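>>> take a look and give me a structure for this.
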Amino acid sequence: MRSRSTRRRLRRLAPWLAVASVLAACAGPSAEQAGPARAPEAVGQLNSVAVITHGSPGDAFWNVVKNGAEAAGADLGVRVEYNSAGDPGQQAKLIDNAVARGVDGLVVSLANPDALRTSVGRAVAAGIPVVTINSGESVSAEYGAIGHVGQSEKLAGEAAGKRLAAAGKRKLLCVIHEAGNIGANDRCAGATQGFGAAVTLQVDISNPTDVQSRIKGALESDAAIDAVLTLNSQIAARAVDAVRESRSASVVATFDLNDDVVSAIQAGSLLFAVDQQQYEQGYLPVVMLKLYRSNLNTVGGGRPVQTGPAFVDKGNVDVVAGLVAQATR
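This is a model prediction of the structure:
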């Protein structure tokens, strides 16, 4: 028979146990990630969480991730500190600082996993549970994380490529905006597989003027390109302008949403956006860490919790627009 204190504790945890069931149902297949999550260590309290991503300053995508994490912290009574650095060396230092402060949980994106292996390893060795998000699905369990929340990038890219092929397009330009980002590379690899004839273009997200110029140059030098796929909402706006300036007949599609992407879809200058629902990538890991610390729950059995892909196009953009405006999509 359970004690009165145990029954009270279980009643308090009931809402988050329900969330755990939903998360487990969302966990998708991944051959690289299969296997049990790291065994729980001990019951404790989750008072502080450090969320450390590879987002660039001012990136609308990562602002939504931050909003999700902070909302989860407010709902659960957990202090959430969000920091980001596009440079993997700086991101590693942010992780080291969080470990030194003794945070109760760590959420980290692994766009450049080799550069972060040692720092994440220090967190795990210190007994700090780690949830990876967005990038690094294939190495999450190997690095000792208790779970991964994100979108399988290669599968999302493949789905995007198939949609562009179904639209009757013949040659695809896939634009990579961050060198060394394994997620970006996986997106283009998947798009190539789903589409067929595709070429890639490397640009630097920190130099928007050059991004537009390089996309324009690629379109002018190869008239066979009739579809452009960008991997970031900010790059999408530059691609739309590049298509107009080059007088190309190419259609443009993108990953991720912001106000400009919504407006472009409504105007017909963007065919669709791949939505990975990044608010969930901020919110759900805090819930997972809360459950892990307070009730020894793990989610997904070593497989990722999938937040996408979903597609936003002319058919549903008006419904999603209000959510984008409030920075939750």
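
>>> what helix or strand is residue 191 located in?
helix 182-195 (DSSP states H and E).

>>> so where's the stretch 201-329 of the chain shaky on pLDDT?
Within the stretch 201-329 of the chain, not a single segment meets pLDDT under 70.

>>> could I get the buried residue list for the helix holding residue 191?
By 16 or more other CB atoms under 10 Å, the buried positions in helix 182-195 come out as 182-192, 194-195. (Each C-beta comes from the backbone N, C-alpha and C, glycine too.)

>>> so what does the one helix or strand residue 239 maps to touch, helix or strand wise?
Using DSSP H and E, residue 239 falls within helix 233-246. Helices and strands touching helix 233-246, by 3 or more CB pairs under 8 Å, 6 or more residues apart in numbering; DSSP states H and E, are helix 60-76, helix 208-221, strand 227-230, strand 251-255, helix 259-267.

>>> let's see that with 10 Å instead.
helix 60-76, strand 172-176, helix 208-221, strand 227-230, strand 251-255, helix 259-267 (3 or more CB pairs under 10 Å, 6 or more residues apart in numbering; DSSP states H and E).

>>> quick check: the gap between residue 106 and residue 136.
Computed as CB to CB, to the nearest Å, the residue 106 to residue 136 distance reads 13 Å.

>>> any residues in contact with both of those two?
Shared contacts of residue 106 and residue 136 (CB atoms under 10 Å, 6 or more residues apart in numbering): 120, 145.

>>> ok, how many other residues are close to residue 164?
25 (other CB atoms under 10 Å).

>>> quick one: classify it as helix, strand or coil.
helix (DSSP: H, G, I helix; E, B strand; the rest coil).

>>> isn't it right up against residue 197?
No: counting by CB atoms under 10 Å, residue 164 sits too far from residue 197 to count as a contact (11.0 Å).

>>> A helix includes residue 117, no?
Yes: per three-state DSSP, residue 117 lies within a helix segment.

>>> middle-most residue in this structure, spatially?
residue 134 (3.0 Å; CA atoms, centre = their mean).

>>> would you quantify the distance from it to residue 152?
Residue 134 is 11 Å from residue 152, by CB to CB.

>>> next one: residue 227
22 Å.

>>> grab the nearest non-local neighbour of residue 95.
residue 119 (4.0 Å; CB to CB, 6 or more residues apart in numbering).

>>> is it true that the one you found touches residue 90?
No: between residue 119 and residue 90 there is no contact under CB under 10 Å: 11.1 Å.

>>> those two: who's more crowded?
Between residue 119 and residue 90, counted using other CB under 10 Å, residue 119 has the larger neighbour count: 23 against 14.

>>> can you give me the pLDDT of the more buried one?
Per-residue confidence (pLDDT) for residue 119: 98.

>>> kindly report the same for the one 10 residues further on.
What the model reports for residue 129 is a pLDDT of 97.

>>> repeat for residue 126
So residue 126 comes in at 96 (pLDDT).

>>> quick one: residue 172 from residue 143, how far?
Taken as CB to CB, the span from residue 172 to residue 143 is 33 Å.

>>> repeat for residue 94
16 Å.

>>> more neighbours, residue 172 and residue 143?
Between residue 172 and residue 143, residue 172 has the larger neighbour count (other CB under 10 Å), namely 27 against 20.

>>> just checking, that one touches residue 225?
Yes: using CB under 10 Å, residue 172 is in contact with residue 225, at 7.3 Å.

>>> joint contacts of the two?
Common neighbours of residue 172 and residue 225 (CB under 10 Å, 6+ apart) are 197, 198, 199, 250.

>>> which PyMOL command selects the buried ones in those?
To isolate the buried members of those in PyMOL, using 16+ other CB under 10 Å:
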select buried, resi 198+250
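
>>> nearest to residue 278 among the shared contacts of residue 172 and residue 225?
Using CB to CB, residue 198 is the member of the shared contacts of residue 172 and residue 225 that sits closest to residue 278, with 24.9 Å.

>>> how close does the closest one get to residue 164?
In terms of CB to CB, residue 198 sits 9 Å off from residue 164.

>>> if we can go back for a sec, what about the residue nearest to residue 95, distance to residue 47?
From residue 119 to residue 47 the distance is 21 Å (CB to CB).

>>> just residue 200 next, same as before
For residue 200 relative to residue 47 (CB to CB), the value is 44 Å.

>>> comparing these two, which residue is more hemmed in?
Legend: neighbour count by other CB under 10 Å for residue 200 and residue 47, higher for residue 200 (17 against 12).
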